[in-house]
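Everything below, folded, please.
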Amino acid sequence: MTHAEIVKKVQWKDLRSLSVREMLIENNLTIPWFIISLTLAYSGYYLFALPFSAFFFLTALRQVHNGFHNSLGTNKFLTWLSLFLNSILMVVSIHAVKFNHIRHHKYCLTEEDYEGKSAGMTWYGAILYGPVHIFLIHKITLQLGNKKYRKNVLLELAAISLFVFLAFYFNIHFLIYHIIVMVIGEFLMAFFAVWTVHHHTEDSPEFARTQRGGWKNKITFSMFYHLEHHLFPAVPTIKLPELAKRIDEALPELEKKTTF
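Sure thing, here's the model as predicted:
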């Protein structure tokens, strides 16, 4: 069954819109995790801060991912601001990530898909490839992106550099902790955000892996409904559980490879 045939069989267009409550959730999901993680780190409880930092990273990834697809329910400026601020807090140019992610949907797992390079590697190869992945997405955006993309990437890199410089120059220990944890998170992106959801799907790249376990999706904030996302990228993350139900009802025969 082709992508076009699936799109015709599943009712999904109503899922693109967000209520005020849903919009507030998608745009503020990171805040409690960020505050708690920095508060604990400020008090010197770094080990206790780690899981909250991890959840901040995951929810920030969810937020910017929705921003890539204009699914935050906000106007262009607020969506841009969300990407810019998260660039500083996640210590990576989010517009560089966006450029490669949009290409990933267009050229999924082909030579032109630089985001998806780690999908064909072993799991440990994808982990070791992590630093190269982060370097490559910046390089490719600066080489292939239009003037607007390049401007945003350079602006974000300048803001990140200032943030990192101030944290280390003034020895602000809880910000240094945050920066180190975020860099580690970015180095693991080739594994967690690419390999886990795309390995062994080269024959049908549009049919990514997915996750159906209730508790697993709760602790990962629905970020592993990846089959659903690739089939219907305009649907916000908060609506993916409902989309998954509709796909299962309309196409029970559709093969679903599990993420974990």
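
okay, the residue nearest to Lys9 when sequence neighbours are not counted: pLDDT?
Nearest residue to Lys9 in three dimensions, chain neighbours excluded: Ala250, at 4.9 Å (Cβ to Cβ, 6 or more residues apart in numbering). Where you see a C-beta, it was placed from the backbone N, CA and C, and this is true even at glycine. Note on Ala250: pLDDT of 93.

and what of the one 5 residues further on?
Predicted confidence (pLDDT) for Glu255: 83.

my guess is it is in a helix, correct?
No - using DSSP: H, G, I helix; E, B strand; the rest coil, the assignment for Glu255 is coil, not a helix.

what sits against it?
Contact analysis of Glu255 by Cβ atoms under 8 Å, 6 or more residues apart in numbering lists Phe207.

And it, how close does it get to Leu83?
Distance, Glu255 to Leu83, using Cβ to Cβ, to the nearest Å: 34 Å.

Same check on Phe48?
Taking Cβ to Cβ, one finds Phe48 at 30 Å from Leu83.

Please tell me how far Asn152 sits from Leu85.
13 Å.

Of those two, give the one with the bigger neighbour count.
Taking other Cβ atoms under 10 Å, Asn152 and Leu85 do not tie; Asn152 has more neighbours (22 against 17).

is it true that the more buried one touches His95?
Yes - if you go by Cβ atoms under 8 Å, Asn152 and His95 touch, sitting 3.9 Å apart.

Which residues are in contact with each of these two?
Common neighbours of Asn152 and His95 (Cβ under 8 Å, 6+ apart) are Leu83.

Look up how far Leu18 lies from the residue nearest to Lys9.
23 Å.

which of the two has more neighbours?
Set Ala250 next to Leu18 and count neighbours by other Cβ under 10 Å: Leu18 wins out with 20 against 14.

residues contacting that one?
Glu26, Ser71, Leu72, Gly73, Pro236, Ile238, Lys239.

And Thr201, by the same measure?
Leu109, Ala119, Phe207, Ala208, Arg209, Lys257.

got a winner among these for most neighbours?
Top of those by neighbour count (other Cβ under 10 Å): Ala208, with 25 neighbours.

Which of the helices or strands spans that one?
Using DSSP states H and E, Ala208 sits in no helix or strand.

starting at the chain centroid, how far to the helix or strand harbouring Arg62?
For Arg62, the host element (DSSP H and E) is helix 46-68. Centroid separation between helix 46-68 and its chain, computed with Cα atoms, centre = their mean, to the nearest Å, is 10 Å.

do stretch 230-243 as well
With Cα atoms, centre = their mean, you get 14 Å for stretch 230-243.

For it, list every residue counted as buried.
Using 16 or more other Cβ atoms under 10 Å as the test for burial, stretch 230-243 gives His230, Leu231, Phe232, Val235, Pro236, Thr237, Ile238, Lys239, Leu240, Leu243.

can you list contacts of it?
With Cβ under 8 Å, 6+ apart as the test, stretch 230-243 has contacts from 3, 6-7, 10, 12, 15-16, 18, 22, 25-26, 62, 65-66, 69-73, 105, 108, 206-208, 217, 221-223, 225, 228-229, 247.

just stretch 69-80 next, same as before
Under Cβ under 8 Å, 6+ apart, the answer for stretch 69-80 is 16-18, 22-23, 26-27, 63, 66-67, 82, 152, 233-237.

that older thread, can you tell me which of the contacts of stretch 230-243 are in helices?
Counting by DSSP state H, the contacts of stretch 230-243 place 3, 6-7, 22, 25-26, 62, 65-66, 105, 217, 228-229, 247 in helices.

can you pick the most crowded of those?
Neighbour counts for those peak at Glu228, which has 27 neighbours (criterion: other Cβ under 10 Å).
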